[in-house]
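In: Sequence plus the predicted model coming up.
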Amino acid sequence: MRDLADAGIETSRWPLPDTGRRVIIPQGLVDAMAGNPLCRHCLPHGVGYYPTAAGHRMGRRNPRDHLLIYCLAGSGIARRDGHQQSIGPGDVLLLRAGERHSYCANRNDPWSIYWAHLGGDAVDCFFDEIAEVSETFVVPVGLHPRLTDDLNLLLTVAERFRDHHFVYAANLLQSILSFMALVHRQHSQRSTALDIDRVQAWLQAHLHDRIDLDALVAATSSISRYHFIREYKRQTGQTPMQAFQRLKISRACYLLDITEWSVTEIACDLGYDDPYYFSRLFKKVTGIPPRDYRREHQAVDTIAPADHRHAF
């Protein structure tokens, strides 16, 4: 693992599980791109995903960059300037450069989070737009599949460490911040019995896992299993587990397009122990086996196989 102190940012040394991801962008690349007019206003320094992060904690006396943490599940606590706030699903934690702070996952209900260290002369303005007042540092934005999709994509793009990918990552990060500002203003308690956005975001966050319906119902609603299925199908036209399968296959198509991972590796990444079962399911959903899909859809710009779950 590259020494995190050499990266120009302070990030925790929380031990990554197999499904965790942490990308620290080389400081040389950040410095080189800081003058690029296409991305200089909002520069990613590091990005990560920590699932069920038991024991995760961090404190910084004088941080050199900004940090956002988006909570998908579980809970945590943050302190800044003598004030303490709790963070739960759908909240974003905004911590600015130069502000002494600390945070930690709840010991009994550890959070699952995406995080991004960032810099640039527009970040304060983006944070102000999300929080509306600079004194606020925990903001409810809700659980949205769009945010989990974009943050997952940001991780994948950031891993490539090339100039043109960095420009795309920087602008994707600006889009994420803009969307958070938009949905914060629209955020309110749902009047419907089932919050589909919350369900979809939870499913997106668990694409690497094998889940059962009872776990999904308990994590995302307070209604009965029967009413959950009925309401979900009424709003989407499919059952929750059918939707979960399709999300996994959609992710598999993406991995077949942009990586050279084997079908077995992709199946394992999505929580399938049996690659043959995965291949049959893929063909059932898409109409063709994974290898045929790759031959027909292989992207021009691929990346070599890499263990994306470890820090750079």
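Out: That came in fine, so what should we check first?
In: Grab the longest helix from the chain for me.
Out: If you go by DSSP state H, the chain has its longest helix at helix 163-186.
In: And the next helix or strand past it?
Out: Next along the chain after helix 163-186, taking DSSP states H and E as the criterion, comes helix 196-205.
In: and stretch 14-23, how far apart are its ends?
Out: End-to-end distance of stretch 14-23 (C-alpha to C-alpha, to the nearest Å): 13 Å.
In: mind listing what the host helix or strand of residue 94 pairs with, with the direction of each?
Out: Secondary structure from DSSP H and E places residue 94 in strand 91-95. In the sheet, strand 91-95 lines up against strand 66-73 (antiparallel), strand 138-140 (antiparallel) (DSSP bridges).
In: Contacts only, for the closest residue to residue 200 other than its chain neighbours.
Out: If the residues on either side of it in the chain are set aside, residue 200 comes closest to residue 145, at 4.2 Å by C-beta to C-beta, 6 or more residues apart in numbering. C-beta: built from backbone N, CA, C; applies to glycine. By C-beta atoms under 8 Å, 6 or more residues apart in numbering, the residues touching residue 145 are 197, 200, 201, 204.
In: Which stretches in the stretch 151-300 of the chain count as helices?
Out: 163-186, 196-205, 213-220, 225-236, 240-258, 263-269, 275-286, 290-297 (DSSP state H, counting those that start in this stretch).
In: and residue 21, which of those is closest to it?
Out: helix 263-269 (11.2 Å; C-beta to C-beta).
In: can you list contacts of the closest one?
Out: Contacts for helix 263-269 (C-beta under 8 Å, 6+ apart): 208, 252, 255-256, 259, 261, 273-275, 278-279, 290-291, 305.
In: picking that back up, look up how far residue 106 lies from the residue nearest to residue 200.
Out: Computed as C-beta to C-beta, to the nearest Å, the residue 145 to residue 106 distance reads 24 Å.
In: what do you get for residue 201?
Out: To residue 106, residue 201 is 19 Å away according to C-beta to C-beta.
In: one step back: let me know the pLDDT of the residue nearest to residue 200.
Out: Listed pLDDT for residue 145 reads 89.
In: repeat for residue 5
Out: At residue 5, the pLDDT value in this model is 38.
In: what does residue 135 give?
Out: Looking at residue 135, the pLDDT reads 70.
In: Doesn't it lie inside a strand?
Out: No. Per DSSP: H, G, I helix; E, B strand; the rest coil, residue 135 lies outside any strand segment and is coil.
In: since we're on residue 226, how many residues are nearby?
Out: 9 (other C-beta atoms under 10 Å).
In: Tell me where this protein is predicted with low confidence.
Out: Scanning the chain for pLDDT under 70 picks out the ranges 1-8, 133-134, 187-193, 298-312.
In: Columns neighbour count and distance to residue 81 on top of the contacts of residue 145, output as a markdown table?
Out: What follows is the contacts of residue 145, written out as a markdown table (neighbours: other C-beta atoms under 10 Å; distance: C-beta to C-beta, whole Å):
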| residue | neighbour count | distance to residue 81 |
| --- | --- | --- |
| 197 | 17 | 32 |
| 200 | 23 | 35 |
| 201 | 25 | 30 |
| 204 | 21 | 33 |
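In: so which of those residues comes closest to residue 66?
Out: Taking these together and measuring to residue 66 by C-beta to C-beta, the closest member is residue 201, at 23.4 Å.
In: Spatially nearest residue to that closest one, not counting backbone neighbours?
Out: Among residues not flanking residue 201 along the chain, residue 143 sits closest, at 3.6 Å (C-beta to C-beta, 6+ apart).
In: Torsion angles phi and psi at the one you found?
Out: Dihedral pair for residue 143: phi -90, psi 120, per degrees, to the nearest 10.
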